[in-house]
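Peer 1: got a predicted model here, sequence first, then my questions.
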Amino acid sequence: MAYDFDLFVIGAGSGGVRCARIAASHGARVGVAESSHWGGTCVNLGCVPKKLMVQASTYGADVRDSHGFGWDTQPGHHDWVALIAAKDREISRLNGIYVSMLENAGVRLFTGHARLDDAHTLSIGPSTLDPDAAPRRITARRIVIAVGSTPFVPDLPGIEHAITSDQAFHLPRRPERVCIVGGGYIGVEFAGIFAGLGSTVDLVYRPHQPLRGFDADLRAALHEAIDLRGIRQHRGTTPTAIERRADGGFVVTLNHGDPIETDCVFFATGRRPKVAQLGLEEVGVRTVSGGRIVVDRHSQTSVEGIYAIGDVTNRLNLTPVAIAEGHILADHLFADSVREWSFATTPKAVFFSPPASSVGLSEEEAARNGAVDIYLSRFRPMRNTLGGSPQRTVMKLVVDQASQKVVGAHMLGDDAPEIMQGLAIAVTAGLTKQDWDRTIGIHPTSAEEFVTMRTRTRETPHTPA
């Protein structure tokens, strides 16, 4: 049978764009459909605008700290409207770049909502990008689902009054009081953004510490850093209702503790695969637990010829991972060789102020494999000694005792993500603690502490799961 395309990608986010471009570079006839934003969540409603807003939120503290260095700077007024407008201009520029990259690669672009009709056919209809688009049918030898995820909110009274990260990027004004529900990446990062720009912030989360899944020492350090930012933490707590007041404000009732009066209720309680209206069930694509598409090691779904990559598979929901999955899949389908990627040592970062970053195993995870040596350092960085901030930097190495390989590195402090990107190479390469010890540091930097931690802090015995 003759098909319109060798490969058709549903979704032009980071993973979908990479898959389409690489497949086209191998000579495949490729099409891609996007219904909302060229560049996907990361570029439009995630990583990129969030990082810009995090950067905006740090300047107030910089002014305060500058006094310790002899500056007579004074705090000014932040213009939220100007920030959002500047952010939107940058996002618009990036949208254009993504479109250009696809067109220059020879990929054919379709604006509209794509739905599967069968294993080789899909229909493209109206969407938010093109509400007047006429429906059309496309055939493809292979189809890739790369539609990403969407915010999830629980069902509780008054939930219609809450916003998610999607709306937070376009608020017409900065709320003076914000109640954020969720202690993961998004909740912690936006708590820092709003606090840094002058809002009073309440952060509500169910666990005892923020950032479930991260190393325990890093979580404890972040908890302390959140307190230092003046953010009120409500730990081990969940909301049970949201009530709108006559003055336009809200009251958030908690399962225990005092109610929170606020001007904005922001839920950052996770994301779910964006699989609604794709026609997966009718075609036979298997999904589990909240819509996650089940795939094999080659990203193929339960239907031959249909593949899925990125957040829609809910494997490791990070933009660089989706990009790697897209690249691997395109090579697998259209090239003789496949590039190798190390997913087990994917570094990750939380852009609070100061940021937290990790690569490899936590202490608890490593101890499941055998006894580990722990090297832990806490110190006040140079900038804070004159600037006056009590904030401390925390660094940690997790070393497999038997092999002496460094299997995990963790940091809370300025430039942690930038430092961790370099350390990820060492952890991925399987370098030993002795390799780290014989590496000469750059002085004076915080990063040099990672190669000067000579004394073991503690030993953690083998603790099988």
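Peer 2: Thanks, I have it.

Peer 1: now for the helix or strand hosting residue 320, which elements pack on it?
Peer 2: Here residue 320 sits within helix 319-334, counting by DSSP states H and E. Secondary-structure packing of helix 319-334 (3 or more CB pairs under 8 Å, 6 or more residues apart in numbering; DSSP states H and E): strand 5-10, helix 14-25, strand 136-145. The C-beta positions use only the backbone N, C-alpha and C, and glycine is treated the same way.

Peer 1: again, only this time at 6 Å
Peer 2: helix 14-25 (3 or more CB pairs under 6 Å, 6 or more residues apart in numbering; DSSP states H and E).

Peer 1: gap between the helix it packs on and the chain center?
Peer 2: Offset of helix 14-25 from its chain centre (CA atoms, centre = their mean, to the nearest Å): 21 Å.

Peer 1: now the angle from the next helix or strand after it to helix 319-334?
Peer 2: Heading C-terminal from helix 14-25, the first helix or strand you meet, by DSSP H and E, is strand 30-34. Calculated by axes from the mean of the first three to the mean of the last three CA atoms, to 10 degrees, strand 30-34 forms an angle of 150 degrees with helix 319-334.

Peer 1: mind listing the strands strand 30-34 pairs with, and their directions?
Peer 2: Here strand 30-34 has these sheet partners by DSSP bridges: strand 5-10 (parallel), strand 108-111 (parallel).

Peer 1: tell me which of these is the most buried.
Peer 2: Among the strands paired with strand 30-34, strand 5-10 has the highest mean neighbour count (mean count of other CB atoms under 10 Å), at a mean of 26.

Peer 1: what angle sits between it and helix 14-25?
Peer 2: 170 degrees.

Peer 1: give me the residues contacting strand 5-10.
Peer 2: Strand 5-10 has contacts (CB atoms under 6 Å, 6 or more residues apart in numbering) with 16, 19-20, 23, 28-33, 114, 140-147.

Peer 1: before we move on, what about stretch 375-382?
Peer 2: Contacts for stretch 375-382 (CB under 6 Å, 6+ apart): 392, 393, 394, 395, 396, 397, 446, 449, 453, 457.

Peer 1: count of neighbours near the closest residue to the fifth one other than its chain neighbours?
Peer 2: For residue 396, the nearest residue in space outside its immediate sequence neighbours is residue 410; the separation is 4.3 Å by CB to CB, 6 or more residues apart in numbering. Residue 410 is flanked by 28 other residues according to other CB atoms under 10 Å.

Peer 1: may I have the beta-bridge partners of residue 410?
Peer 2: Going by DSSP bridges, residue 410 forms beta bridges with residue 358, residue 396.

Peer 1: that one touches residue 358, doesn't it?
Peer 2: Yes. Look at residue 410 against residue 358 with CB atoms under 6 Å: they come within range, at 4.7 Å.

Peer 1: any common contacting residues for the two?
Peer 2: Counting by CB under 6 Å, 6+ apart, nothing touches both residue 410 and residue 358.

Peer 1: picking that back up, mind listing which of the contacts of stretch 375-382 are in strands?
Peer 2: Using DSSP state E, the subset of the contacts of stretch 375-382 located in strands is 393, 394, 395, 396, 397.

Peer 1: how far away is the second one from residue 192?
Peer 2: Residue 394 is 17 Å from residue 192, where distance means CB to CB, to the nearest Å.

Peer 1: and the two? which has more neighbours close in?
Peer 2: More neighbours surround residue 192 than the other of residue 394 and residue 192, with 26 against 23 (other CB under 10 Å).

Peer 1: that one: what's it in contact with?
Peer 2: Residue 192 touches 352, 353, counting by CB under 6 Å, 6+ apart.

Peer 1: surely it is within a helix?
Peer 2: Yes. Checked against DSSP: H, G, I helix; E, B strand; the rest coil, residue 192 lies within a helix.

Peer 1: so how far is residue 423 from it?
Peer 2: 23 Å.

Peer 1: so for the protein, the centremost residue is which one?
Peer 2: Closest residue to the average C-alpha location of the chain: residue 318 at 5.3 Å, with CA atoms, centre = their mean.

Peer 1: would a markdown table of the strands paired with strand 30-34 with mean pLDDT and distance to residue 324 be doable?
Peer 2: Converted to a markdown table, the strands paired with strand 30-34 look like this (pLDDT from 0 to 100; distance: least, CB to CB, whole Å):
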| stretch | mean pLDDT | distance to residue 324 |
| --- | --- | --- |
| strand 5-10 | 98 | 16 |
| strand 108-111 | 95 | 23 |
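
Peer 1: of these, which is nearest residue 429?
Peer 2: Nearest of the strands paired with strand 30-34 to residue 429, taken as CB to CB: strand 5-10 at 32.8 Å.

Peer 1: now do the closest one and strand 136-145, the angle between them.
Peer 2: 80 degrees.

Peer 1: send me strand 5-10 as CSV with only the CA atoms.
Peer 2: Taking C-alpha atoms only, strand 5-10 is exported to CSV below (Å, rounded to 0.1, in the frame of the first residue of the first chain):
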residue,chain,number,x,y,z
PHE,A,5,4.1,9.6,4.8
ASP,A,6,6.7,7.1,6.0
LEU,A,7,6.3,8.6,9.5
PHE,A,8,3.7,10.9,11.0
VAL,A,9,4.2,12.5,14.4
ILE,A,10,1.2,13.7,16.5
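
Peer 1: all helices for the chain, in order.
Peer 2: 14-25, 40-45, 47-57, 59-66, 80-104, 165-168, 185-196, 216-228, 280-283, 319-334, 363-367, 382-387, 416-429, 433-437 (DSSP state H).

Peer 1: which residue ranges make up the domains of the chain?
Peer 2: According to automatic domain parsing, the chain comprises the domains 5-150+273-334, 159-269, 348-460.

Peer 1: let's have those domains in CSV, adding distance to residue 342.
Peer 2: Below are the domains of the chain laid out as CSV (distance: least, CB to CB, whole Å):
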stretch, distance to residue 342
domain 5-150+273-334, 9
domain 159-269, 19
domain 348-460, 5
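
Peer 1: so which of these gets nearest residue 341?
Peer 2: Of those, the one closest to residue 341 (CB to CB) turns out to be domain 5-150+273-334, at 4.5 Å.

Peer 1: count of neighbours near the spatially closest residue to residue 151 that is not a sequence neighbour?
Peer 2: Leaving aside its chain neighbours, residue 151 sits nearest to residue 164 (3.7 Å; criterion: CB to CB, 6+ apart). By other CB under 10 Å, the residues close to residue 164 number 18.

Peer 1: and residue 164, its phi and psi?
Peer 2: Backbone torsions of residue 164, given as degrees, to the nearest 10, read phi -120, psi -180.

Peer 1: of the contacts of stretch 375-382 - the most surrounded one?
Peer 2: Result: residue 397 is most packed of the contacts of stretch 375-382 (other CB under 10 Å), 28 neighbours.
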